[in-house]
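> Sequence and predicted model, in that order:
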Amino acid sequence: MPTKTSSNHKTRSRVTPILNQRSKPVQEFGTVVNYPLALDESVRLHSTKNLNQILADTMVLRDLYKKHHWQLTGHTFYQLHLLFDKHYEEQAELVDELAERIQTLGGVAIALAHDVAEHTKIERAPIHREEVPVQLSRLLEAHELILKEARKGAKEATDAGDDGTNDLLVSDVIRTNELQVWFIAEHLVATPAVEADS
């Protein structure tokens with residue numbers, strides 16, 4: 001039975017969804033709300049800026065792993081197919097942790113692909129399928145960029161008294177990326193496969 005919601009609204013059923021809604025943002029990107037975290041607004045603003053850059057680049061690295069997981073070829077297909085998927089899952093966890101830290105500090109986490117594409121510093125990979133050594137090189141370059149950002153962000157967070165951000169960057173982002181670099185880099189060492197050099 002139709003009900004009148006207010007004198008200013010049309011009569012409609014209670015179970016009819018209200019579609020096509022838009023409004024002004026409740027919070028602008030690049031701002032922070034004031035949570036009682038015992039951290040100055042300037043510190044939280046700086047940390048969320050650093051974290052959003054690392055988040056954007058981590059999202060691209062995560063998706064590079066999935067792209068290469070699908071498009072692998074050659075004699076290392078099976079082992080790299082599994083390794084890339086494992087690394088993808090680990091990067092996906094970092095994405096969530098980074099976004100939650102940004103929101104915890106009162107910021108707005110970057111989220112959608114088009115926004116990530118505008119903010120990332122990682123070189124855009126082509127839509128085409130590439131050779132395995134190129135895939136591995138792309139991954140290592142992305143890891144190195146993120147590690148540089150994370151080390152810089154961790155130091156700045158420590159200097160500003162933002163221990164939570166430092167802990168996330170050191171304990172999770174840096175350590176995860178370092179370990180993944182090791183696993184990937186070892187696949188680019190030109191060692192003999194059948195007969196040892198004499």
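Great, that's in hand.
> C-alpha from now on. contacts and neighbour counts both.
Noted.
> And the lengthiest helix in the chain, what's buried?
Ordering each helix of the chain by length in residues (DSSP state H) puts helix 41-71 first. By 16 or more other CA atoms under 10 Å, the buried positions in helix 41-71 come out as 41, 43-62, 64-69, 71.
> Stretch 154-166 now?
Per 16+ other CA under 10 Å, stretch 154-166 contains these buried residues: 154-157, 160, 162, 165-166.
> wait, which of the residues you listed is closest to residue 146?
residue 154 (11.8 Å; CA to CA).
> Let me see the contact set for that closest one.
Neighbour list for residue 154: 165-167, 169-170 [criterion: CA atoms under 8 Å, 6 or more residues apart in numbering].
> got the residue ranges for the strands in the chain?
3-4, 11-12 (DSSP state E).
> model confidence over the first one, on average?
Computed over strand 3-4, the mean pLDDT rounds to 51.
> and residue 56, what is it in contact with?
Residue 56 touches 110, 116-117, 119-120, counting by CA under 8 Å, 6+ apart.
> Run through the helices of the chain in chain order.
Counting by DSSP H, the helices of the chain are 41-71, 77-104, 113-119, 132-160, 163-167, 175-185.
> can you tell which of those is closest to residue 19?
Distances from residue 19 to each of the helices of the chain were compared by CA to CA, and the smallest falls on helix 113-119, at 23.8 Å.
> Any regions of this structure where pLDDT drops low?
Residue ranges of the chain with pLDDT under 70: 1-12.
> which residues touch stretch 19-37?
Counting by CA under 8 Å, 6+ apart, the neighbours of stretch 19-37 from elsewhere in the structure are 41, 44-45, 48-49, 105-109.
> would you turn these into TSV with distance to residue 80?
Listed next are the contacts of stretch 19-37 as TSV, based on distance: CA to CA, whole Å:
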residue	distance to residue 80
41	44
44	39
45	39
48	34
49	34
105	37
106	39
107	37
108	35
109	31
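> returning to that earlier point: wait, which of the contacts of residue 154 is closest to residue 96?
Set against residue 96, the nearest of the contacts of residue 154 by CA to CA is residue 169 (13.0 Å).
> Okay, that closest one and residue 13: tell me how far apart.
Applying CA to CA, to the nearest Å, the value for residue 169 to residue 13 is 50 Å.
> Looking at these two, which is more packed in?
Comparing residue 169 with residue 13 by other CA atoms under 10 Å, the one with more neighbours is residue 169, at 27 against 12.
> Might you report the residue contacts of the more buried one?
With contact taken as CA under 8 Å, 6+ apart, residue 169 is in contact with 150-151, 153-154.
> Quick one: residues contacting the nearest residue to residue 50 once chain neighbours are set aside.
Nearest residue to residue 50, sequence neighbours excluded (CA to CA, 6 or more residues apart in numbering): residue 153, at 6.0 Å. Shown in contact with residue 153 (CA under 8 Å, 6+ apart): 47, 50-51, 166, 169.
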